[in-house]
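In: below: sequence and its predicted model.
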Amino acid sequence: MHDDHDHSHDHDHDHPHDPGHHHDDDHHHDNHYSDMQARVRALETVLTEKGLIDPKAIDQIVETYQTRVGPRNGARVVAKAWSDPEFRDWLKRDATAAISSLGYSGRQGEHMRAVFNTEDTHNLVVCTLCSCYPWAVLGLPPTWYKAPAYRSRAVIDPRGVLAEFGLTLAETTKIRVWDSTAELRYLVIPERPEGTQEMSEDELSALVSRDAMIGTAIAGHASTGDGY
Ligand code: FE
């Protein structure tokens, strides 16, 4: 239930850079925090002083999801679902197990559900309450995913939101919107683009962008890889 919603992941913290490191002049400095960053920093300081958190542990978690885990994990899941019917079935039945068989599991990915786009149905993922997101397969959420405008409008006017992302669906295409929670995270499995029968899983995964796995895009456009 949403009452149990886990807000611990909503740690909107601009990862501090190595203090010993020299940065370019255009870099953000400590006195240029946004209000939210300043509040997070103040909260982190208080919790650290009280001995409730270890800032090194937090930095390590942020670092992991910023650099090691990212949308490429999800793209490999999608490419395998396109290439391997048994894996596709497994993903439909038990996405958590199928995804963790590829080594992608852990925080914010404990309970996964894969939702499959079809010719007549498009899936879109949101967290209306905060920013629940499948970290294990997509890394950290993009800024817009956490923005109040997306969170409310994705539910009220999904077709309009998709159009703003440059995705215009046929009027006959049904849009299903999935509201993520701390208990359940969704991964959109986009449709496999036409003309890709000969492609390897690696080649296929390059066609799957982060946004295609949130549902604000479709597969078929080569991704830059970093997503954000
Ligand atoms: Fe959330």
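Out: Structure received. Numbering: from 1, shown residues only.
In: make it CA atoms for all contacts and neighbour counts henceforth
Out: Fine.
In: what ranges do the strands span in the protein?
Out: Secondary structure of the chain (DSSP state E): strands located at 112-116, 121-126, 174-179, 185-189.
In: could you export the helix or strand bottoming out on mean pLDDT in the chain as CSV, CA atoms only?
Out: For the chain, using mean pLDDT, DSSP states H and E, the weakest element among its helices and strands is helix 55-63, scoring a mean of 74. Extracted in CSV, the C-alpha atoms of helix 55-63 (Å, rounded to 0.1, in the frame of the first residue of the first chain):
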residue,chain,number,x,y,z
PRO,A,55,27.9,9.5,4.7
LYS,A,56,30.5,7.1,3.2
ALA,A,57,27.9,4.4,2.9
ILE,A,58,25.4,6.8,1.2
ASP,A,59,28.0,8.1,-1.2
GLN,A,60,28.9,4.5,-2.1
ILE,A,61,25.2,3.7,-2.9
VAL,A,62,24.8,6.8,-5.0
GLU,A,63,28.1,6.1,-6.8
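In: one step back: how about the strands of the chain in CSV, adding mean pLDDT and mean neighbour count?
Out: CSV is the format used below for those (pLDDT from 0 to 100; neighbours: other Cα atoms under 10 Å):
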stretch, mean pLDDT, mean neighbour count
strand 112-116, 97, 22
strand 121-126, 98, 23
strand 174-179, 97, 18
strand 185-189, 97, 26
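In: would you reformat these as CSV and include distance to the ion?
Out: Formatted as CSV, these follow (distance: least, Cα to the ion, whole Å):
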stretch, distance to the ion
strand 112-116, 14
strand 121-126, 9
strand 174-179, 9
strand 185-189, 9
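In: mind checking those for the one nearest to residue 216?
Out: Residue 216 lies closest to strand 121-126 among these, at 6.6 Å (Cα to Cα).
In: ok, that closest one: who's next to it in the sheet?
Out: Partners of strand 121-126 in the sheet, by DSSP bridges, are strand 174-179 (parallel).
In: got the angle between the strand it pairs with and strand 112-116?
Out: On the basis of axes from the mean of the first three to the mean of the last three Cα atoms, to 10 degrees, strand 174-179 is oriented at 170 degrees to strand 112-116.
In: how far off centre is strand 174-179?
Out: Chain-centre distance of strand 174-179: 16 Å, with Cα atoms, centre = their mean, to the nearest Å.
In: with stretch 180-191 instead?
Out: Distance, stretch centre to chain centre, for stretch 180-191: 9 Å (Cα atoms, centre = their mean).
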